[in-house]
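Novice: What would the 3D arrangement of this be:
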Amino acid sequence: MEGSGVQTVARALSVLDCFRDGQERGVSEVARQQGLAVSTAHRLLTALVQAGFLDKTADSGRYRMGGALAEYGQIAYRQHRIYLAEPALEQLAATTGASASLAIRHSIHAVLLATSRWRDTDGHRLQGVRLPLHASALGKTLLAWNEATDAELATLPYDEGTDRSVSTPAELRAELTRTRERGYAYNDEELDPGFRTLAVPILTPTAPYRFALGLRGPTTLMIPERLPFLVDLAKITATDIATRFTTA
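Specialist: Residues are numbered from 1 along each chain as shown. The predicted structure follows:
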């Protein structure tokens, strides 16, 4: 019975994962995406609605993210004290014209906890909230400064990203070594064609390394000649954020 309950919870969480892109989904679409019977998908969706994790629209009968997740998101926002970093992210974005983000690692992905407000440089091509570790500058930073093991690198989804991203654990290991040596990670159109990202660690003296700071912009902005300047500003901002986290 216990195993059956755990399996049901796992299935429900997997169904919830269908809505990460912010789009509405119907029962048949969720069932097809998850490889479930329609009746099973409907039962799981109903349970998620009752818990507040999903809403069911009255007009179309489709499902979307629910208000309870916003509540949990606000709790996480406060617990991680992300609000302390936001002024520094906005200042960095205003100075560089790029988009500044703060991320933490969750399993095989880097998850954005805060991003500066929308900038003209981003156009309407929005970056996702969850990024593959091996193909993102933020992910590489989170791996490099936490000294990821070979076993961890072997589990990453190397099929994600573009043809410019690393495709094997050995390639990633070499990239992580370069990242530590130069003091920052770099993503050259490895995740999103036309965009580059650099990232640095946010290091605090009294806590384990947890956060990475990223600076993302189009290739026309993030030209090689500007990288040293952008890296210096990112490092200054990372130090500022680390101080805010430490002294608050």
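Novice: can you give me the strands in the protein?
Specialist: 54-56, 63-65, 99-106, 109-115, 130-132, 185-188, 195-202, 211-218 (DSSP state E).
Novice: and residue 78, how far is that from residue 72?
Specialist: Distance from residue 78 to residue 72, counting by Cβ to Cβ, to the nearest Å: 11 Å. The C-beta positions use only the backbone N, C-alpha and C, and glycine is treated the same way.
Novice: try residue 114
Specialist: Residue 114 is 16 Å from residue 72, where distance means Cβ to Cβ.
Novice: quick one: which of the two has more around it?
Specialist: Between residue 114 and residue 72, counted using other Cβ atoms under 10 Å, residue 114 has the larger neighbour count: 21 against 11.
Novice: Please look at the more buried one and residue 102 and confirm they touch.
Specialist: Yes. At 4.5 Å, residue 114 and residue 102 qualify as touching, with contact defined as Cβ atoms under 8 Å.
Novice: Give me the common contacts of these two.
Specialist: 82, 85, 89 (Cβ atoms under 8 Å, 6 or more residues apart in numbering).
Novice: In CSV, list the residues you listed along with pLDDT.
Specialist: What follows is the shared contacts of residue 114 and residue 102, written out as CSV (pLDDT from 0 to 100):
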residue, pLDDT
82, 83
85, 91
89, 95
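Novice: Contact partners for the residue minimising distance to the centre of the chain?
Specialist: Centre of the chain computed as the mean C-alpha position; nearest residue by Cα atoms, centre = their mean is residue 111, 2.5 Å away. Residue 111 makes contacts with 103, 104, 105, 129, 130, 131, as judged by Cβ under 8 Å, 6+ apart.
Novice: Residue 80 versus residue 98, what's the distance?
Specialist: Following Cβ to Cβ, the distance that separates residue 98 from residue 80 is 23 Å.
Novice: quick one: which of those two has more around it?
Specialist: residue 98 (28 against 17).
Novice: Surely that one and residue 215 touch.
Specialist: Yes. Residue 98 is within contact range of residue 215, at 4.9 Å (criterion: Cβ under 8 Å).
Novice: Residues that sit against both of these two, list them.
Specialist: 92, 222, 230.
Novice: Mind putting these into CSV with pLDDT?
Specialist: Below are these laid out as CSV (pLDDT from 0 to 100):
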residue, pLDDT
92, 95
222, 95
230, 97
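Novice: Narrow those to those in helices?
Specialist: With DSSP state H as the criterion, helices contain 92, 230 from among these.
Novice: so which of the shared contacts of residue 98 and residue 215 would you say is closest to residue 33?
Specialist: Closest approach to residue 33 among these (Cβ to Cβ): residue 222, at 34.5 Å.
Novice: Neighbours of the closest residue to the closest one other than its chain neighbours, how many?
Specialist: Distances taken as Cβ to Cβ, 6 or more residues apart in numbering put residue 196 closest to residue 222, at 3.9 Å, once the chain neighbours are dropped. Using other Cβ under 10 Å, residue 196 has 25 other residues around it.
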